[in-house]
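just the structure for this:
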Amino acid sequence: MCTWGDSGLPECRTFLVCTQGEWMNGSLPGVVGAEGDVGRVCHEPPPGACPIVSPAGMDCTAALDHTRCQYSNGTLCACLVNYCTVDGCGPLPSPEWVCNQILPPCPGKVPNAGSPCTGPEGSCTYDYSSLSAQCINGFWEWQIYSPT
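Next up is the predicted model:
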């Protein structure tokens, strides 16, 4: 499997698989889309929706509910009306930007599957996309998992 593109949202990249010696368009099963649905659902943020810097904890509008914005430092933010934890989901007092950051040595943005990698082999988990990227034999491989 190989992907390419520069979207911060893996489900918005081109995804190809090699079948019987030919590259074919593939789908990315099990990746969480912007609505929380499982499947290959691409929802790029509308132009101007993403603040220039990470807006963690700042208010947003309900019209942007589930809009996700990726930042170069590895922070992914989502404008949420409801927030879910292991204990369940509930409304926030007002719509808010909720952010998570991917820390080094993992790349801040999910690397494309099939692209070269250097350094020690290991795994980087990108919970917001239900995948991990593993550096194996000098190339990034994606492992898709089901969200809990």
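
all strands for the chain, in order.
Under the criterion DSSP state E, the chain contains strands at 2-4, 14-19, 22-25, 68-70, 75-85, 88-101, 123-126, 131-136, 139-144.

so of the ones you listed, which one's packed in deepest?
Among the strands of the chain, strand 68-70 has the highest mean neighbour count (mean count of other Cβ atoms under 10 Å), at a mean of 23. All C-beta atoms are positioned from the backbone trio N, CA, C, and that covers glycine.

strands paired with that one, and their directions?
Paired neighbours of strand 68-70 in the sheet (DSSP bridges): strand 75-85 (antiparallel).

how far is the partner strand from where the chain is centred?
Once both centres are worked out by Cα atoms, centre = their mean, to the nearest Å, strand 75-85 turns out to sit 13 Å from its chain's centre.

one more: stretch 95-109?
10 Å.

any idea how far apart the tips of that stretch sit?
25 Å (Cα to Cα, to the nearest Å).

now do the buried residues in stretch 59-66.
Using 16 or more other Cβ atoms under 10 Å as the test for burial, stretch 59-66 gives Cys60, Leu64.

now do the same end-to-end measure for that stretch.
Stretch 59-66 has its terminal residues 13 Å apart, counting by Cα to Cα.
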